[in-house]
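J.: Pasting the sequence and the predicted model now:
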Amino acid sequence: MTMTSPTAHHHRFDVSMAPVDTNATMEDHLEAAMADQPDAIRATLAPIAAGGKRTRARMVRLASRAGTVAPPPHRLEALAASVELLHLATLVHDDVIDGDLERRGHPTLFASFDEGTSIVAGDRIIGSAFQLTSSISGTCAAGMARCLMALCDGQQHEELCVQAGEWTADDYWRSVDGKTASLFTFALVAGAELGQADATTLGALQDFGMAYGRAYQLADDLVDLPSTPPGRQLVRALAPSQSSEPFGLGGSLSPLADLSAHLFGDALAAASLLSGEPAEVFTALAEAGRAQAHRLAEELG
């Protein structure tokens, strides 16, 4: 029997990488990543990608000003887009894990398709993010790789703990450090490295990212998870003296909101080691978070 070469009927896989547009803005890069998806996926994903506050991208830009030089705009825009794409990919995967049907006021990929389609779409977004970071430098791409590993470790560790019904404070913080704080930290440090910041500044931004990420996630969990098993696990881990049913049944969650405020205070301390506009903006960001955590403590008390 004669075997026909597969290249006779199939397109050859092209291992070359298309050049990144050096005149593109962050939004141009995000649109290009959406255009890389199949039409049906893009129609559902594009409205979700267009939403959001772009917090991590703003962190990239602001952290770059903590250095001694102005980075090339095309590299800065590529980095800002890459962190937003990686964040978007985590949201797509989270919707599968949590079974969420709506994101930012729009149906999720999980709601519109299935688990497999959603997972692969998220993986493809990660590929777009790495295409951008690799266009900046090998160091930047390696930093994103470490961030992705931390993201996966945090989410995977949480899933294993919840399934096992064992959830300690150390488990909670390992999960938060990985799935939330690591991306804030990467955005800050990578942005500052583009601006050639010194070691002291890089250390302060890393500390800010970790403290802010912890405070942010804890406050978010207290608001969004009180009725879910992970939420109950969270309180049992961080406040074991609470009753077995702490949500409205004999225990106050205000101490956990106070802990979030304290962590925002740690972010403030890190911001105080910076100077100029980055110090002012990051201080304001941490102060706003701490104020919100204090209000949450009052509501939960």
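T.: On my side now, so go ahead.

J.: Could I get the full set of helices for the stretch 201-301 of the chain?
T.: Along the stretch 201-301 of the chain, the segments classed as helices by DSSP state H, counting those that start in this stretch run 229-238, 254-271, 276-300.

J.: I'd like those written out as a markdown table, with distance to Val162 added.
T.: C-beta here means a position set from N, CA and C on the backbone, and glycine is covered the same way. Output for the helices of the stretch 201-301 of the chain, formatted as a markdown table (distance: least, CB to CB, whole Å):
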| stretch | distance to Val162 |
| --- | --- |
| helix 229-238 | 6 |
| helix 254-271 | 18 |
| helix 276-300 | 22 |
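
J.: what's the closest of those helices to Ile136?
T.: Comparing these against Ile136 with CB to CB, the closest turns out to be helix 276-300 (20.1 Å).

J.: List the buried residues for the closest one?
T.: Residues of helix 276-300 classed as buried by neighbour count (16 or more other CB atoms under 10 Å): 278, 281-283, 285-286, 289-290, 292-294, 296-297, 300.

J.: Ok, stretch 150-163 next?
T.: Ala150, Leu151, Asp153, Gly154, Gln155, His157, Glu158, Cys161, Val162.

J.: Near Glu102, how many other residues are there?
T.: 12 (other CB atoms under 10 Å).

J.: For it, list each beta-bridge partner.
T.: Residues in a beta bridge with Glu102, per DSSP bridges, are Pro107.

J.: Excluding its own residues, what touches stretch 122-136? List them.
T.: Here stretch 122-136 makes contact (CB atoms under 8 Å, 6 or more residues apart in numbering) with 17-20, 29, 32-33, 36-37, 75, 78-79, 81-83, 85-86, 88-90, 92-93, 96, 109, 140-141, 143-145, 148, 194.

J.: nope, stretch 62-80 is what I meant
T.: Contacts of stretch 62-80 (CB under 8 Å, 6+ apart): 20-26, 28-29, 54, 57, 60-61, 132-133, 135-136, 140, 187-198, 201, 205, 274-278, 281-282.

J.: Pull out the buried residues from those.
T.: Buried among the contacts of stretch 62-80 (16+ other CB under 10 Å): 20, 24, 26, 29, 54, 57, 60-61, 132-133, 135-136, 140, 187-195, 197, 201, 205, 274, 278, 281-282.
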